[in-house]
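K.L.:
Return atomic coordinates for the entry below.
(chains A, B and C, ligands or ions: 3)
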Amino acid sequence: MEYYIYHDFMMHTKSIIYILMGLFVVGFWGLWAYMTSRDEEIHKMPEHH
Amino acid sequence: MSTENNKSLMTPANIITGIILLVGLIITVLRFTKGLGTVTNLDQNNPWGIWIGFDLLCGVALAAGGYTTSSACYIFGLKRYHSAVRPAILTAFLGYALVVFALHYDVGRPYRLVYPLFVQPGTTSLLFEVGLCVFLYVTVLAIEFSPAMFEWLGMKTLRNKIHKLTLALTVFGVVLSTLHQSSLGALYIAVPSKLHPLWYSPYLAILFFVSSIPAGLSMVIFEGTLAHKPFHHMMDKTHLDEHEGVILGFARGASIALAAYFCVKLVALAADNNWHYLATGWGAWYLVEVLGFVALPSLLYAIGSREKNIKLIKWTAALTVFGIILNRFNVSMVAFNYNLPADQRYFPSLMEIGISIFVVTLGVTIYRFIVSRMPIFFEHPEYKDAH
Amino acid sequence: MKRRQFLGLLGAAGITATLGTTAQAAAGKTFEGHPDTKGVLFDATRCIGCRKCEAGCNKVNKLPAPAKPFEDLTVLEKDRRTDEKTYTIVNKYKGSKGPVFRKFQCNHCMEPACASVCFVRAFTKEPDGSVSYDASVCVGCRYCMVACPFNIPAYEYDDPLTPKVVKCTMCHPQISSGELTAPGCVSACPKEALTYGKRDELIDIARERIRKNPERYLKHIYGEKEMGGTSWMYISGEPFSSIGLREDLGTTSVPAMTSGPLSVVPMVAALWPAFLGGVWAINKRKEKVAEEEQKAAVKAAKAATQADADAKLAKAMDGAEKDKASAIEREVKRALEEAEAARKEAEAAENTDTPEDNDGKGA
Ligand code: SF4
Ligand code: SF4
Ligand code: SF4
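P.N.:
Ligands and ions are numbered 1, 2, ... in the order given. Modelled structure (predicted):
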C-alpha cells in the first residue's frame, strides 16, 4: 500500500512496532524462563549432601 | 493488633475526611449530570486543566516510588531497602488506581476509556503510549501488591506463586515506568507554539523521566515520615531498624538524581539557545523552579545525608515533592498558552480543586484502611522468605 | 524549527544515542499528500467582513442559530474563535489602510496535528483533502484541542455524557454525497474571497495574484508550508501576524515532531530488560560468591574449632580422672550441708505456720 502522508505511514509502522514490542516481552520472558529453568535443580543438589 | 478503628470514629481527622468525601460525591453527581462546563473552568482554548496537570501528571510522577524502590531492592541488589518496598508499591498502586479513577472525570466519555486499547488504537499518539503503559502498569502493580493481600487472607499457594514472579514484574514495571513517565512529558512535544520556550524542549521526555526518580524517592521518604507516627504500632523491628537507612540511602539517590535533572534542564536551555528568556518575568519564574526546587533540594539532600540529619532530609523531601508539582503545573498550566491574553488564561474552579482534593483524600483513606490490616509495614510471620 | 525533530530524537534517545535512524528512515521517503487533494484559498484583500460565509456554513451544516443574527456586524468588534456551535468565524483587524477581515476555520492540515495525537484515530486526512472526525470512537480526552496549533477544535463541554469535538468538515459529507460541489462558505461569499480547488492549482493562483499585484500582496502564501502545510491557505496585504495568523509556527509537522520520542519507545522495550537483567545477574553473582565465601569461611572456622575442642576435651577427661576423688569428697560435703539447711528451714516453718504460707508456695 502506498502512503500519501507521513501520518498514515507512521500509523502503519508504529502499529507494527507495538506488536513487535509485545513479542519482545514474551520473547525475553521465554528466553529467561528457558535459561534458568534448571537453576533450581543445581541449586538443590549441594543442599542434599 | 488493635487498629485506629477501636478508637472513636468521630476524630477531627475523620470528620474532615467525611466532609471532603461528601462534597466530592456532590461534585461527582454534578459532573455527570450537568457536564464539564458546569463543574470546570475549562474552555475551548484551555482543554486541559488541573485534572490533567495535577491528577494525571503529578499523580504519576509522585507514584514513581514504586518502580524506583522495587528496582533498587530487587535489581540493583540493595536488600537493605527491602522493608521500604511494600509501602512504596502500595502507594504506587493506589496512586495509579486513582489516576485512572480521576481520568473518568476529565474525559468526555469515560465509558470509552478502553477504546484506545481495544477498539481503535491510535499508535502515532503519545497519549496512546501513556494509556497502554498506565493500563499495563496498574495491572503489574496490582499483582506486585497482591501478596500482601493474600498473606492477609491466608491464601498461601497463590501468594507463593506470585512471589516467584517478583523479578519479572520488577523489570516489566521499570520498562513501563520509563516509557510512560517520559511519554507524559513527550505529550507536550507536539505543542512548541503553545508552551513557553523555557519549558518546551525536545528533551521533555527525558526531563519528565529523570525528574520522576527524585519525585518517587522523595515521596517514599515523605510518606514514610507521615506514616511513621500513626502506624508506628504496625511496624515490625526490621522496618523500624531499616527506616533510617532507607531515608539516608534514598536521600543520597535523590540528591544525585536531582543533580542529573538539573544538568538536563541546563542542556535543554542551551540546546534551544533560550538564555535570553532568563532576563524576562518568565525567566525569573523558571529560575525559581530550577534553583529553588531542583538545585537547592539536591544540595540539601547532600548535606542531610552527609550530616545524617534526618530532619533536614524529611523537609527536603517535602520541598522536592512540591518542586515536582510546581514543574508539572508550569508545563501543563502556567506556561501553557502563555501567549494568550490574560483574560483567556485558565485558572481552576473551586469544584475542580474539590475533585482533586476528593481523589487525594480517597487515596489516603484507602491507604489507612490497608496498612492497618495487611502486612505492609511488617513481615507476616509465616512469610519470612521475602528476602 | 527543523532542528527540533533531530534534537527530539537525540534528546529522547539519551541512553541509546546510537539509534537515531528511525525518523531519517522515514525522512528518506517523501510524502506529498494525496494526489488530488483539494483546498481553499482565502484572499484577505477581497474579504469585506459580511459574515455571509458564516451564514452559509451554518445553513449547509444545519448548525444551531447564532446568538446574534449573521447580519449583525457588531460582533466583529470582538475577537472570536470557533466554538461548539460555530465551524467558522470572521474577525476584524486594524490594517494600515483601514480594517482587514480574516475568515478562520479548520485549516485541514496536510499532516494534521489533531490526527497525529488522537489515541483512537478519530481524525482522518481524506483523499479530498479534508480532515474528518469520527465521533463514534472519540473518548473526549481533548488532546486534539491541545495539539492543534490553530486552536480550532471545540468541545461540547455542556454535554455531560456524549460530548463531541466540533470543527469544520470542509463540507466533506455534503461534497462526497454530491449534495454540494463546493463548501457552503465558499459558495456564499459574494466577493470571491474564497476559492475552492485542487491545492496545487490554488498555490498557482495565489502566486499569480501576488506576481500580478505585488503592491497589493505580501510575497507569502500562509499555509503553503506552515506546520507541514495546510489545505486552507491565506494571502494578504497585511502581515499575517497582524491578522491573527501566527508566523512563528515553523514548518515542521506534528508527526515529524513526535516521531523522535516515539522511535525511542521500542528501544526502551527492547534494551531495558536486557540491561536490567544484566545488572540483576551481576548482583546475584556477587551475592552468590559472597555467600559461598562465607560458607567456606564458616566451614574452615568450624573445622578449626572442632580440632581445638577435641584437644580440650581430651585434656579435660584426663584431668577429670585425677580430680575424681576430690570431687566425690566435695559432693558429699555439699549434700550434708544442704540437708542441714533444710532441717533448719523446716523448723522455722513450723514455728510460724500460717495459711498464707501455703498460698505463697506457688510464687
Ligand atoms: S487546523 Fe487543527 S483541527 Fe484542523 S486539521 Fe489542522 S490540526 Fe486538525
Ligand atoms: S478528544 Fe476525541 S478526537 Fe480529540 S484526541 Fe481525544 S479521542 Fe481523539
Ligand atoms: S468548509 Fe464547510 S464546514 Fe467548513 S467553514 Fe466552510 S461551510 Fe463550514
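
K.L.:
which element is the residue in chain B positioned nearest to chain A on?
P.N.:
The minimum distance from chain B to chain A, using CB to the nearest CB, falls at residue B:123 (3.9 Å). Heads up, the C-betas are built off the backbone N, CA and C, glycines and all. Assessed by DSSP states H and E, residue B:123 sits outside every helix and strand.

K.L.:
How about the backbone phi and psi for it?
P.N.:
phi -70, psi -10 (degrees, to the nearest 10).

K.L.:
ok, now residue C:197?
P.N.:
Dihedral angles for residue C:197 - degrees, to the nearest 10 - are phi 180, psi -170.

K.L.:
Does it touch residue C:37 like I think?
P.N.:
No: using CB atoms under 8 Å, residue C:197 makes no contact with residue C:37, being 10.6 Å away.

K.L.:
between the two, who's got more neighbours?
P.N.:
Each of residue C:197 and residue C:37 has its neighbours counted (other CB atoms under 10 Å in any protein chain shown); residue C:37 has more, 22 against 15.

K.L.:
Do I have it right that the more buried one meets residue C:127?
P.N.:
Yes: in this structure, residue C:37 is within contact of residue C:127 by CB under 8 Å, at 7.1 Å.

K.L.:
returning to that earlier point: how deep is the residue of chain B closest to chain A tucked in, by neighbour count?
P.N.:
Residue B:123, neighbours per other CB under 10 Å, totals 22.

K.L.:
how many other residues sit next to residue 36?
P.N.:
With no chain named, the answer covers chain A. 11.

K.L.:
wait, chain B
P.N.:
27.

K.L.:
ok, it to residue C:330 distance?
P.N.:
Residue B:36 sits 97 Å away from residue C:330, taking CB to CB, to the nearest Å as the criterion.

K.L.:
Check residue C:72 too.
P.N.:
125 Å.

K.L.:
again with residue C:216
P.N.:
Following CB to CB, the distance that separates residue C:216 from residue C:330 is 131 Å.

K.L.:
Then residue B:137?
P.N.:
The gap separating residue B:137 from residue C:330 is 76 Å, by CB to CB.

K.L.:
try residue B:120
P.N.:
Counting by CB to CB - residue B:120 and residue C:330 are separated by 97 Å.

K.L.:
higher neighbour count, these two?
P.N.:
residue B:120 (15 against 11).

K.L.:
Tell me the confidence at residue A:46?
P.N.:
Note for residue A:46: predicted pLDDT of 50.

K.L.:
can the helix or strand hosting residue C:281 be found next to chain B?
P.N.:
For residue C:281, the host element (DSSP H and E) is helix C:254-351. Yes: applying CB under 8 Å from any CB of the partner chain, one finds that helix C:254-351 is in contact with chain B at C:254-255, C:257-258, C:260-262, C:264-265, C:268-269, C:272-273, C:276-277, C:279-280, C:283-284, C:286-287.

K.L.:
For the stretch 1-150 of chain C, which segments count as strands?
P.N.:
C:38-43, C:89-95, C:98-104, C:123-125, C:131-133 (DSSP state E, counting those that start in this stretch).

K.L.:
Kindly export the third one (C-alpha atoms) in CSV.
P.N.:
Coordinates of each C-alpha in strand C:98-104 appear next as CSV, following Å, rounded to 0.1, in the frame of the first residue of the first chain:
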residue,chain,number,x,y,z
GLY,C,98,-8.5,50.6,7.2
PRO,C,99,-10.0,47.4,8.6
VAL,C,100,-9.0,43.9,7.3
PHE,C,101,-11.0,40.8,7.7
ARG,C,102,-9.9,37.2,8.0
LYS,C,103,-12.1,34.2,7.9
PHE,C,104,-11.0,31.3,10.1
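
K.L.:
ok, residues contacting that strand?
P.N.:
C:42, C:44, C:47-49, C:53, C:76, C:81-82, C:88-94, C:150, C:185, C:193-194, C:234, C:236-238, C:242-245 (CB atoms under 8 Å, 6 or more residues apart in numbering or on different chains).

K.L.:
which of those count as buried?
P.N.:
C:42, C:44, C:47, C:49, C:53, C:76, C:81-82, C:88-93, C:150, C:185, C:193-194, C:234, C:236-238, C:243, C:245 (16 or more other CB atoms under 10 Å in any protein chain shown).

K.L.:
give me the residue from the stretch 201-350 of chain C nearest chain B.
P.N.:
residue C:283 (3.2 Å).

K.L.:
when you check chain B, which of the contacts of strand C:98-104 turn up near it?
P.N.:
Within these, those near chain B by CB under 8 Å from any CB are C:81, C:82.

K.L.:
Return the set of buried residues in the host helix or strand of residue B:98.
P.N.:
When elements are assigned from DSSP H and E, residue B:98 belongs to helix B:82-106. The neighbour-count check on helix B:82-106 (16+ other CB under 10 Å) flags B:82-103, B:105-106 as buried.

K.L.:
just checking, next helix/strand downstream of that helix?
P.N.:
helix B:115-118.

K.L.:
ok, and for that next one, which residues are buried?
P.N.:
Per 16+ other CB under 10 Å, helix B:115-118 contains these buried residues: B:115, B:116.

K.L.:
check whether that helix contacts ligand 2.
P.N.:
No: counting by CB under 6 Å from any ligand atom, ligand 2 has no neighbours in helix B:115-118; the shortest distance is 7.7 Å.

K.L.:
and that helix with chain A, contact?
P.N.:
No: using CB under 8 Å from any CB, we find that helix B:115-118 stays clear of chain A, coming within 10.8 Å at best.

K.L.:
Give the next helix or strand downstream of that helix.
P.N.:
That would be, after helix B:115-118 and using DSSP H and E, helix B:126-153.

K.L.:
Only alpha carbons, please: show the helix or strand just after that next one as PDB.
P.N.:
Counting by DSSP H and E, the next helix or strand C-terminal to helix B:126-153 is helix B:156-164. What follows is helix B:156-164, C-alpha atoms only, in PDB (Å, rounded to 0.1, in the frame of the first residue of the first chain):
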ATOM      1  CA  LYS B 156      -0.600 -19.400  50.700                       C
ATOM      2  CA  THR B 157      -0.200 -21.100  47.400                       C
ATOM      3  CA  LEU B 158      -1.400 -18.200  45.400                       C
ATOM      4  CA  ARG B 159       0.900 -15.800  47.300                       C
ATOM      5  CA  ASN B 160       3.900 -18.000  46.800                       C
ATOM      6  CA  LYS B 161       3.300 -18.400  43.100                       C
ATOM      7  CA  ILE B 162       3.200 -14.700  42.700                       C
ATOM      8  CA  HIS B 163       6.200 -14.200  44.900                       C
ATOM      9  CA  LYS B 164       8.200 -16.100  42.400                       C
END
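
K.L.:
Now helix B:156-164: buried residues?
P.N.:
B:159, B:162.

K.L.:
Can you tell me, leaving aside adjacent residues, what's nearest to the residue of the stretch 201-350 of chain C closest to chain B?
P.N.:
residue B:77 (3.2 Å; CB to CB, 6 or more residues apart in numbering or on different chains).

K.L.:
what do you get for residue C:49?
P.N.:
What sits nearest to residue C:49 in space, not counting adjacent residues and going by CB to CB, 6+ apart, is residue C:101, at 3.6 Å.

K.L.:
Would you mind measuring from the one you found to ligand 3?
P.N.:
According to CB to the nearest ligand atom, to the nearest Å, residue C:101 stands 15 Å off from ligand 3.

K.L.:
now the helices for chain A?
P.N.:
Using DSSP state H, the helices assigned to chain A run over residues A:6-36, A:39-48.
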